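S.K.: with the input below, show me the fold.
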Amino acid sequence: VQLQASGGGSVQAGASLKLSCAAFGGTFSRHNMGWFRQAPGKEREFVAAITWSGGLTSIADSVKGRFTISKDNAKNTVYLQMNSLKPEDTAVYYCAAGRFSRNDDEYGYWGQGTQVTVSS
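M.R.: Numbers count the residues shown, from 1 in each chain. Modelled structure (predicted):
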């Protein structure tokens, strides 16, 4: 499966963005999906994950209450709704397909990343 992330941009603190990750090929409806991010000089970190059915989600403590992950199998797309953005949310955001996990080693397919920049 090929993944293509989009929706990033430059916003002020407190704003919202919605990232999308479209899947091409494979059986998207059977894939668990995750979002990860990597800030300059830092390791990639888990943001959110959702099971293939959309019935279970996992959200990192750093974004809990602000970010929501959802999945539309009819559109082969997973979303990351980001509200109340903070400067520390600045990073390249990646979507991935694989096991339902917070560990990036469990994901075998990765999108190209989309930049999110939040200014204070």
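S.K.: the residue nearest the centre of the chain: which element?
M.R.: Taking CA atoms, centre = their mean as the criterion, residue 35 is the residue nearest the geometric centre of the chain, at 2.7 Å. For residue 35, the element it lies in under DSSP states H and E is strand 32-38.
S.K.: neighbouring contacts of that strand?
M.R.: The contact list for strand 32-38 (CB atoms under 8 Å, 6 or more residues apart in numbering) reads 19, 21, 44-52, 69, 71, 78, 80, 89, 91-102, 104, 107, 113, 116. Glycine gets a C-beta too; all of them are placed from N, C-alpha and C.
S.K.: just the buried ones from these?
M.R.: Buried subset of these (neighbour count, 16 or more other CB atoms under 10 Å): 19, 21, 46-50, 52, 69, 71, 78, 80, 89, 91-98, 100, 104, 107, 113, 116.
S.K.: among the residues you listed, name the ones in strands.
M.R.: Among those, the members found in strands (DSSP state E) are 19, 21, 46-50, 69, 71, 78, 80, 91-98, 107, 116.
S.K.: I'd say residue 24 and residue 1 touch.
M.R.: Yes: using CB atoms under 8 Å, residue 24 is in contact with residue 1, at 7.0 Å.
S.K.: how about the contacts made by residue 68?
M.R.: 48, 57, 59, 80, 81, 83.
S.K.: now with 7 Å?
M.R.: residue 81 (CB atoms under 7 Å, 6 or more residues apart in numbering).
S.K.: distance of it from residue 51?
M.R.: Noted for residue 68: a distance of 15 Å to residue 51, by CB to CB, to the nearest Å.
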